[in-house]
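Engineer: Got a predicted model here, sequence first, then my questions.
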Amino acid sequence: MILLTVTPHLFDLGHILYISISAVLTCVILILARMLIKSQSSKNLFLRLWAIFTVVIHYSVIYVDFLSSGKLQIGENMIFAIHPCNVCMWLLLAVSLIKKQDTAVFRIIAEFVFWAGTICGIIGIVLNENYAALGLGNYEAFKGLLSHSTMIIGSLYMLVGGYIRIRVFNVVSVISGLILFVVNGTFINGIYKLFDRGEPNSMYLQKPPFPDMPWLNTVFIGIIAVFVCFIITSLYEQIALKRDERWYARLQKIYEEKYKEKK
């Protein structure tokens with residue numbers, strides 16, 4: 001869940017310590033994983049475990065609340081994937097369970113999980129609404145931070161584990177994932193409207209995430225995300241790849257081959 005308004009709890013000592021410790025542990029875990037995990041089966045197991053950890057931590061609050069208060073409370077985001085992070089969590093689990101990893105479906109999901117899962121996870125830690133309202137001592141706030149941390153590890157492992165490569169054509173996967181966000185949000189918002197349950201604002205399609213910036217709506221955020229992904233990947237290709245391996249050279253080659261076929 002992403003913070004919509006700034007509160008005094010945000011960036012207090014506990015929050016800053018959590019962000020710092022989480023960042024360090026994430027780097028250490030991924031470095032060790034890169035050094036020690038070599039076989040593909042072990043990589044798949046490592047990825048699957050972090051995906052499962054994320055889901056288990058996300059739903060653990062139901063059991064903690066029931067055992068501590070005797071009341072069964074289920075939040076909306078436990079039933080529906082209302083927030084972008086919820087979608088990324090389930091996509092991370094899905095991609096970790098796919099056995100055929102040489103397919104276009106796997107590549108698209110894996111690339112989108114890398115980009116969206118990492119960014120959404122960071123935002124979910126830095127601007128977490130539950131933490132801002134409840135503080136680190138509350139389990140719901142803590143599990144929210146922790147589940148985002150485990151999701152970041154799984155998402156970054158898409159690259160560290162060699163499941164994806166940084167390429168300009170990652171943009172296609174990002175666009176595909178953003179379309180999924182819109183479809184998911186439209187469906188959930190429609191279900192709520194059908195049963196007169198109010199406005200869940202799934203995927204921030206009904207209201208922008210920041211009331212003070214109404215222009216920063218879902219469509220504009222999506223355009224920015226695609227543009228940033230293109231800039232980062234094109235710069236990477238320019239630095240790391242030979243000219244004939246870069247995106248524009250590949251497109252030129254495809255065009256020339258099809259042009260020759262027509263002749």
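Structural biologist: Right, received. Where do you want to start? Numbering: from 1, shown residues only.

Engineer: from here on, contacts and neighbour counts on C-alpha atoms
Structural biologist: Fine.

Engineer: So which residues of the stretch 101-250 of the chain form strands?
Structural biologist: Using DSSP state E, counting those that start in this stretch, the stretch 101-250 of the chain contains no strands.

Engineer: Select the longest helix from the protein.
Structural biologist: Secondary structure of the chain per DSSP state H: the longest helix is helix 40-69.

Engineer: how distant is it from the center of its chain?
Structural biologist: How far helix 40-69 lies from its chain's middle: 16 Å, per C-alpha atoms, centre = their mean, to the nearest Å.

Engineer: by contact count, what packs against the helix or strand just after that helix?
Structural biologist: Downstream of helix 40-69, the first helix or strand assigned by DSSP states H and E is helix 76-79. Contacting helix 76-79 under the criterion 3 or more C-alpha pairs under 8 Å, 6 or more residues apart in numbering; DSSP states H and E is no other helix or strand.

Engineer: Now Val226: closest residue in space, sequence neighbours ignored.
Structural biologist: Val171 (6.3 Å; C-alpha to C-alpha, 6 or more residues apart in numbering).

Engineer: The one you found is in contact with Phe230, isn't it?
Structural biologist: Yes: here Val171 reaches Phe230: they are 6.2 Å apart, a contact under C-alpha atoms under 8 Å.

Engineer: The two: which is more packed in?
Structural biologist: Neighbours per residue (other C-alpha atoms under 10 Å) separate Val171 from Phe230, with Val171 holding more: 22 against 19.

Engineer: Could you check the pLDDT of the more buried one?
Structural biologist: As summarised for this prediction, Val171 has a pLDDT of 97.
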